[in-house]
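S.K.: Could you work out the structure for the sequence below:
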Amino acid sequence: MLVGEAMTSPVVTIPPSATVRQAIRVLHEHDVTALPVVDPSGQLIGIVSEMDLLRGEFESDPRAFARPRNAPSAPVARTVEKVMTRGVRTARPTTDVAELAEMMVRTRIKSVPVVQGSHVIGVISRRDLIAMLARGDARIRDDVLASLATYAPQARPWQVAVKDGVVELRGRDDANTERIVEVLARTVPGVTRVLVQPSA
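M.R.: Reported below is the predicted structural model:
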């Protein structure tokens with residue numbers, strides 16, 4: 001599966017001039033964990049996450065301490081530009097989801113902007129990947145059959161079984177058509193592996 005098939009689009013972005021509190025409201029309203037930061041021309045210049053926005057936003061409650069603490073001076077409204085992460089890892093719509101998922105696990109990154117050139121066209125998050133894996137086997141099977149019927153109508157009938165996202169294709173055709181059938185099955189959201197078993 002490719003990133004373009006799993007990403008969330010259209011994407012919610014924010015300008016670097018927005019305040020931290022504005023960014024927090026946008027995160028909350030759209031139920032996302034990170035926002036790509038774009039300049040006026042729409043080019044990606046950073047990303048701001050929940051963690052970035054939480055730093056320094058809460059003052060200590062005096063009831064939690066035996067001795068009162070000095071009252072802090074009036075906070076200065078911070079902007080997204082001051083708290084965002086600039087070195088952003090990105091993906092392209094044609095990036096393999098398996099490769100991206102491995103990178104996200106290794107680096108503990110939760111959200112990755114998807115770019116075409118330097119413009120953001122989507123975001124893919126851990127939540128998007130979990131949603132793909134959560135699709136039921138019956139729905140995956142129906143989608144595999146529909147994909148074969150639409151894009152490989154010349155193929156001979158194939159038996160399709162799905163268990164825990166693993167697709168088993170049973171049938172026989174010429175080598176080229178068998179490869180097409182396997183590739184089509186791999187593109188269906190929720191498929192984690194494809195096994196091709198020749199029929200007797």
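
S.K.: Just the strands from this structure, written as ranges.
M.R.: 34-38, 44-49, 111-116, 119-125, 159-163, 166-171, 193-198 (DSSP state E).

S.K.: tilt between the longest one and strand 111-116?
M.R.: With axes from the mean of the first three to the mean of the last three Cα atoms, to 10 degrees as the basis, strand 119-125 and strand 111-116 are set at 150 degrees to each other.

S.K.: So which bits of the lowest-mean-pLDDT helix or strand in the chain are buried?
M.R.: Least confident helix or strand of the chain, by mean pLDDT, DSSP states H and E, is helix 50-54 with a mean of 85. By neighbour count on 16 or more other Cβ atoms under 10 Å, the buried set for helix 50-54 is 50, 52-53. Placement of C-beta: from N, CA and C, glycine included.

S.K.: Closest one to residue 86 out of those residues, please.
M.R.: Distance to residue 86, by Cβ to Cβ, is smallest for residue 52 among these, at 11.1 Å.

S.K.: Do me a favour and get the end-to-end distance for stretch 9-21?
M.R.: End-to-end distance for stretch 9-21, by Cα to Cα, to the nearest Å: 24 Å.

S.K.: Looking only at that stretch, what residues are buried by neighbour count?
M.R.: Of all the residues in stretch 9-21, those buried under the rule 16+ other Cβ under 10 Å are 11-14, 16, 18, 20.

S.K.: Just to be sure, which of those residues are found in helices?
M.R.: residue 20 (DSSP state H).

S.K.: From the contact counts, what lies against the top helix by length along the chain?
M.R.: For the chain, the helix with the greatest residue count under DSSP H is helix 137-151. Applying 3 or more Cβ pairs under 8 Å, 6 or more residues apart in numbering; DSSP states H and E, one finds that helix 137-151 makes contact with strand 159-163, strand 166-171, helix 175-186.
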